[in-house]
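Chemist: What shape does this take:
(one chain, ligands or ions: 2)
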Amino acid sequence: MDEIPTIDLSPFVFQGGGRGDDDYKGETIVVLDEAKRKCADALGKCFKRHGFCYLENVGLEKEDIESVFREAKLFFEGQSTEHKEGELVQWEPKTNTGYAKYRAEVLNDLRLPDEKETFSVRKDSLYKDRDYFENVKRKKEWKEVTKRFYDKCERACESLCLATAVALGFEKDVRFFADTFREMDLCTLKILHSMPTKTTEISEKVGNKMSLRVSEHVDFGFATFLFHDSESLGRGLQVKKASRFDHGRDNLEEGWIDVAAKRGSRGNCCILNTGALLQRWTGDFYNATAHRVIVPDEIAAMQHRYSCAFFMDPDGETVIKTPEEIRDKLIERGVDVDKYPPLSCAEFLKMKINEMAVKQ
Ligand SMILES: O=C(O)CCC(=O)C(=O)O
Ligand SMILES: [Fe+2]
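Modeler: Ligands and ions are numbered 1, 2, ... in the order given. Okay, here's the model as predicted:
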């Protein structure tokens, strides 16, 4: 893989809520200037290759990132395993919120379950009757910092959607993707923690299997923002272009590139990777990123590792089929636009989850 590009999203980050350059009688007007076209162009090129880049100025500042990791450290290290597993609201696939203990998730059936614990947060309005922050020791602080972070990620998601539409050549309907993120009923913010470990091979091999911090996978949705703590800098993350067939899960040995997080000049740089849904939506014109997290060396093994992923999944009812406005443009570029039958985003995610369940 060539050098990983750094892209500045600021041309698409708007003041005052992010609904566009101007709000004229309820109509959002996004003025397509040179800066926006340049940014979209860079993004489009990246999506066509491996779908992976550093993204600067998404609308979150250094302090937003630092404060979520400060509190995450207190959340994961400041509560005993007994408390976390016994008292906290446990994650379930149906709710996709709350605490998931170590080795709760298998992303690749060639591996043992992941060496990580997580906490997942979703849109407030979806959970009026369920307090999944119950019994968290620093509940007020944890809830505040994660909710604030979630809200800012929602706005950043809108900016990315506008940029993606411009990249694909939408001229009239620049809000095509942005408008599929209105309910936000499937977006999730997940905070991940892996404890220090003695060796680079985290656990004993069982049979031929071993575990990773995060095993090989492709994210299901549109795209993901990834943030890392300043101590581990996300070390251990590796990426490659997803193969159409195995999504990185079969060829475990070859093609993996090490990537460490970088802070950027304003300390607010994050990582962006594309997901399977964006690949399908564009008839495989764009690629999804296969990725994993290993323990690369003894230093990384001794460190706690924290990361924070915002998964951008369009609203459940969104129908995933080639958008009319760009159909001809994609055909011109050799895309088989009818390759995949239309299906809703909710159905697509269900299909992906089932595929994983079958593999396990
Ligand atoms: O922790 C990381 O750097 C990656 C996490 C990830 O890929 C995921 O949660 O889907
Ligand atoms: Fe991922």
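
Chemist: Could you count how many residues lie near the nearest residue to Thr322 once chain neighbours are set aside?
Modeler: Leaving aside its sequence neighbours, Thr322 sits nearest to Val337 (C-beta to C-beta, 6 or more residues apart in numbering; 4.1 Å). Every C-beta, even on glycine, is put in place using the N, C-alpha and C of the backbone. Residues lying near Val337 (other C-beta atoms under 10 Å) number 17.

Chemist: and what of Lys101?
Modeler: A total of 15 residues lie near Lys101 under the criterion other C-beta under 10 Å.

Chemist: Equivalent analysis for Leu168, please.
Modeler: 22.

Chemist: Got phi/psi on it?
Modeler: When read as degrees, to the nearest 10, the backbone of Leu168 gives phi -80, psi 0.

Chemist: Kindly report the same for Phe310.
Modeler: Dihedral angles for Phe310 - degrees, to the nearest 10 - are phi -110, psi 110.

Chemist: Quick check: bridge partners of it?
Modeler: With DSSP bridges as the criterion, Phe310 is bridged to Leu189, Phe225.

Chemist: One more: Arg292?
Modeler: Arg292 forms beta bridges with Gln238, as assigned by DSSP bridges.

Chemist: Wait, it touches Asp219, no?
Modeler: No - in this structure Arg292 lies outside contact range of Asp219 using C-beta atoms under 8 Å: 11.8 Å.

Chemist: quick one: the nearest residue to Ala167 once chain neighbours are set aside and ligand 1, what's the gap?
Modeler: Spatially, and ignoring its direct neighbours in sequence, Ala167 is nearest to Gly44 (3.3 Å; C-beta to C-beta, 6+ apart). Per C-beta to the nearest ligand atom, to the nearest Å, Gly44 is found 23 Å from ligand 1.

Chemist: Next: Arg266.
Modeler: In terms of C-beta to the nearest ligand atom, Arg266 sits 21 Å off from ligand 1.

Chemist: Doesn't that residue belong to a helix?
Modeler: No - applying DSSP: H, G, I helix; E, B strand; the rest coil, one finds Arg266 to be coil, outside a helix.

Chemist: Next, count neighbours for it.
Modeler: 10.

Chemist: quick one: contacts for it?
Modeler: 56-57, 61-62 (C-beta atoms under 8 Å, 6 or more residues apart in numbering).

Chemist: In helices only, show me those residues.
Modeler: Under the assignment DSSP state H, the contacts of Arg266 contribute Lys62 to helices.

Chemist: JSON lines for the contacts of Arg266, including pLDDT?
Modeler: Converted to JSON lines, the contacts of Arg266 look like this (pLDDT from 0 to 100):
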{"residue": "Glu56", "pLDDT": "95"}
{"residue": "Asn57", "pLDDT": "95"}
{"residue": "Glu61", "pLDDT": "93"}
{"residue": "Lys62", "pLDDT": "94"}
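
Chemist: Which of the contacts of Arg266 sits closest to ligand 1?
Modeler: Glu56 (17.7 Å; C-beta to the nearest ligand atom).

Chemist: my read: the closest one touches Thr6, true?
Modeler: Yes - between Glu56 and Thr6 a contact is recorded at 6.3 Å, counting by C-beta under 8 Å.

Chemist: which neighbours do those two share?
Modeler: 264, 269.

Chemist: For the closest residue to ligand 1 within the stretch 151-300 of the chain, give me the pLDDT.
Modeler: Ligand 1 sits closest to Leu237 of the stretch 151-300 of the chain, with a gap of 4.4 Å, by C-beta to the nearest ligand atom. In this model, Leu237 is scored at 95, pLDDT.
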